[in-house]
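Student: Kindly generate the corresponding structure for this input.
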Amino acid sequence: MSNTGDQWQVARRRKGAAKKSKPLQVSSASTCCQEELDIGKTVKRIRDTVSELRCEEFWQEWKEQLLVAASVSTPTEDKDTEVQLETASEHRSCQQLECVCYGLGSFSSCVAARYQLAMLLLLLDAGQIPLKDCSVYDPAFSSAEKDVLRELGLTVLTENEEGKRLATKPTLFYLMHCGKALYNNLLWKNWSAQCLPLVIMIGNSFSGMRERTIERELKRDYSYISKAVDVCEERRLPCPSRLIDVFSDTSVITFPSSSLNRLPQSTWTESCEPQYQHCPDLEIILKETQS
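Tutor: Below is the predicted model of the structure:
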């Protein structure tokens with residue numbers, strides 16, 4: 001990969017994880033601390049990364065899968081995947097998406113975060129989502145990074161929502177390598193047969209989470225992920241080996257109305273807010289503990 005150098009030493013950091021250890025170390029290739037960031041140069045660097053990803057073969061598959069998901073993000077008659085691909089372009093203009101991005105990380109010092117930001121910008125363009133309609137938040141953002149995001153045209157949230165954002169219209173949630181609690185909170189907030197079909201997630205595979213988590217702990221601590229994994233539709237997104245730290249284990253996740261409507265009504269009646277009392281290593285920064 002071009003222009004990465006020894007910065008890959010920080011690309012393995014799990015963004016969205018609880019930041020209890022020492023602060024993220026900026027690599028030796030970084031030319032300045034975050035607060036002294038050159039806004040113009042950083043914006044140009046991100047746009048150069050966008051151009052690089054746009055030429056990648058795997059990007060076309062990401063784009064197609066987003067458009068398929070957008071075409072079925074509201075309760076409509078089911079279609080075959082082939083038909084969805086053929087009609088996605090005409091559907092996307094009449095089903096305008098919003099976008100919310102959580103847990104991006106410090107993109108000025110982390111190569112993985114910068115590539116994930118560049119991919120977000122590509123997805124916004126592909127889905128014809130206005131930049132101002134994409135809200136971003138991460139407590140790791142420095143004030144200079146917030147300025148960069150605003151310069152790019154994105155909306156920077158000022159409040160830690162802990163992922164508890166209700167989708168009132170078709171919404172793309174971009175949650176790259178975030179902790180399970182963030183996904184679980186988002187599912188809880190939208191836990192109804194009316195709201196879930198409005199949710200499109202691009203992030204870690206739910207089936208992968210289930211495989212890596214002890215079953216009783218998943219059901220106890222992340223009950224909404226545990227329930228959602230059997231009713232959602234996942235489409236794995238390709239990831240070239242050289243970008244494994246950036247885009248590994250990523251899927252487009254949707255919730256078809258046809259699947260949700262087959263569930264018993266009791267599925268939706270017991271929807272208690274997650275508490276995480278048994279999670280000492282909770283991979284999320286809670287707003288009451290945020291410094």
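Student: rest of the way, CA atoms for contacts and neighbours
Tutor: Will do.
Student: okay, now residue 213: neighbour count?
Tutor: When neighbours are counted by other CA atoms under 10 Å, residue 213 registers 11.
Student: ok so residue 268 is a strand residue?
Tutor: No - Residue 268 is assigned helix when assessed by DSSP: H, G, I helix; E, B strand; the rest coil, not a strand.
Student: confidence score at the closest residue to it other than its chain neighbours?
Tutor: Counting by CA to CA, 6 or more residues apart in numbering, residue 268 lies nearest to residue 192, which is 5.9 Å off, once chain neighbours are set aside. pLDDT for residue 192: 95.
Student: what does residue 133 give?
Tutor: pLDDT at residue 133 comes out at 97.
Student: Quickly list what the closest residue to it other than its chain neighbours is bridged to.
Tutor: Leaving aside its sequence neighbours, residue 133 sits nearest to residue 98 (CA to CA, 6+ apart; 5.5 Å). With DSSP bridges as the criterion, residue 98 is bridged to residue 171.
Student: pretty sure residue 98 contacts residue 134?
Tutor: Yes - if you go by CA atoms under 8 Å, residue 98 and residue 134 touch, sitting 6.2 Å apart.
Student: re earlier: tell me which helix or strand the residue nearest to residue 268 sits in.
Tutor: Using DSSP states H and E, residue 192 sits in no helix or strand.
Student: what number of residues lie near it?
Tutor: Counted with other CA under 10 Å, residues neighbouring residue 192 total 16.
Student: Could you tell me the per-residue confidence at the nearest residue in space to residue 191 that is not next to it in sequence?
Tutor: Of all residues not flanking residue 191 in the chain, residue 268 sits nearest, at 6.7 Å (CA to CA, 6+ apart). Looking at residue 268, its pLDDT is 91.
Student: so who does residue 268 touch?
Tutor: Residue 268 sits next to 191-193 when contact means CA atoms under 8 Å, 6 or more residues apart in numbering.
Student: all strands for the stretch 101-250 of the chain, in order.
Tutor: Along the stretch 101-250 of the chain, counting by DSSP state E, counting those that start in this stretch, strands occupy 134-137, 155-156, 171-175, 199-204, 233-236, 250-254.
Student: List of residues touching the fourth one?
Tutor: Right, strand 199-204. Strand 199-204 is contacted from outside by 69-70, 73, 167, 170-178, 249-255, using CA under 8 Å, 6+ apart.
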